[in-house]
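In: following is a predicted model, sequence given first.
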Amino acid sequence: MLTKSIVRDYHPIFCKEATILTASILKNPKALNQHFKRATASATMSILYGHPTLEDENDESITEINLFTECVSAAGAPGAHLVDLLPWMVHIPERYAFALSIRCFRCLLQCNFRFARWKREGLEHFRRHTAMFNGRLKAVYDDIVSQ
């Protein structure tokens, strides 16, 4: 949590980001949303991981952080998924093979019916974003240990 005393530690980072943000807006005022995304991602990366300032809006780190933010925002929206209203659906498997009758059993064994697309997608996002953040954390750890 950013308290008054903690913010003082990050004042140089925020001043640098504000200066770059102002210059970017003056240079290209039509790309306002991209400038704010860059400034937010750059400040976050600088504070959390000691990453240098990101000056390019097309940097891979900015894209990854913004994708994570968009995924979390979409998933956290009220009523985004039916499982929010029916919590028992969390027990539906991602993949499930079943047979309707003995006659169709062989055919159905060869097919893999898929349920709970929201669950598969959520787990995939979790794996991808966890790998991204663990990679960044490992880089910080390696940097600290190597000093």
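Out: Yep, it's here.
In: by mean pLDDT, flag the weakest helix or strand of this protein.
Out: Scoring the helices and strands of the chain by mean pLDDT, DSSP states H and E places helix 105-110 at the bottom, with a mean of 50.
In: show the subsequent helix or strand relative to that one.
Out: Counting by DSSP states H and E, the next helix or strand C-terminal to helix 105-110 is helix 117-146.
In: contacts only, for the most centrally placed residue in the chain.
Out: For the chain, the residue lying nearest the average C-alpha position, counting by CA atoms, centre = their mean, turns out to be F68 (1.5 Å). Contacts of F68 were listed using CB atoms under 8 Å, 6 or more residues apart in numbering, and they are 129, 132. C-beta here means a position set from N, CA and C on the backbone, and glycine is covered the same way.
In: give me the pLDDT for it.
Out: Here the pLDDT value assigned to F68 is 88.
In: element containing it?
Out: With DSSP H and E as criterion, F68 is part of helix 60-76.
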